[in-house]
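[1] Let's see this in three dimensions:
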Amino acid sequence: KQVFVTAQRSSDVDKPIREDLFDYGTRAHILQVARMANGTLKILVEGLARSHIVEVTSSEEYLSVLAED
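    Purely as a prediction, here's the structure:
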């Protein structure tokens with residue numbers, strides 16, 4: 001599976017919205033997923049291409065983006 005990875009403008013924001021994200025990031029392929037003892041996930045990804053956000057859809061749990069290279 002592929003994901004889009006980008007950074008938040010401020011790490012102080014717990015539930016980021018579109019304005020809290022940088023416009024550019026990396027389209028990446030998920031290589032490995034491991035569940036840690038504290039319940040979080042550790043994900044190893046391999047970057048494929050630089051991409052930018054075209055559209056953002058928000059749900060209660062996560063943000064979903066349409067990104068293009």
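
[2] tell me which residues of stretch 30-40 are tucked away?
    Buried residues in stretch 30-40, counted by 16 or more other Cβ atoms under 10 Å: none are found. C-beta: built from backbone N, CA, C; applies to glycine.

[3] Contacts for it, please.
    Residues outside stretch 30-40 that contact it (Cβ atoms under 8 Å, 6 or more residues apart in numbering) are 1, 2, 3, 41, 42, 43, 44, 45, 46.

[4] May I ask which two of those are separated the most?
    2 and 42 (18.0 Å; Cβ to Cβ).

[5] ok now do the residue nearest the centre of the chain, which residues does it touch?
    For the chain, the residue nearest the mean C-alpha position is residue 5 (3.7 Å; Cα atoms, centre = their mean). By Cβ under 8 Å, 6+ apart, residue 5 lies in contact with 25, 26, 27, 28, 45, 47.

[6] among these, which ones are buried?
    The buried subset of the contacts of residue 5 - by 16+ other Cβ under 10 Å - is 25, 26, 27, 28, 45.

[7] can you list those residues in TSV and add pLDDT, distance to residue 57 and secondary structure?
    Output for the buried ones among the contacts of residue 5, formatted as TSV (pLDDT from 0 to 100; distance: Cβ to Cβ, whole Å; DSSP: H, G, I helix; E, B strand; the rest coil):
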residue	pLDDT	distance to residue 57	secondary structure
25	96	16	strand
26	97	19	strand
27	96	17	strand
28	97	19	strand
45	97	21	strand
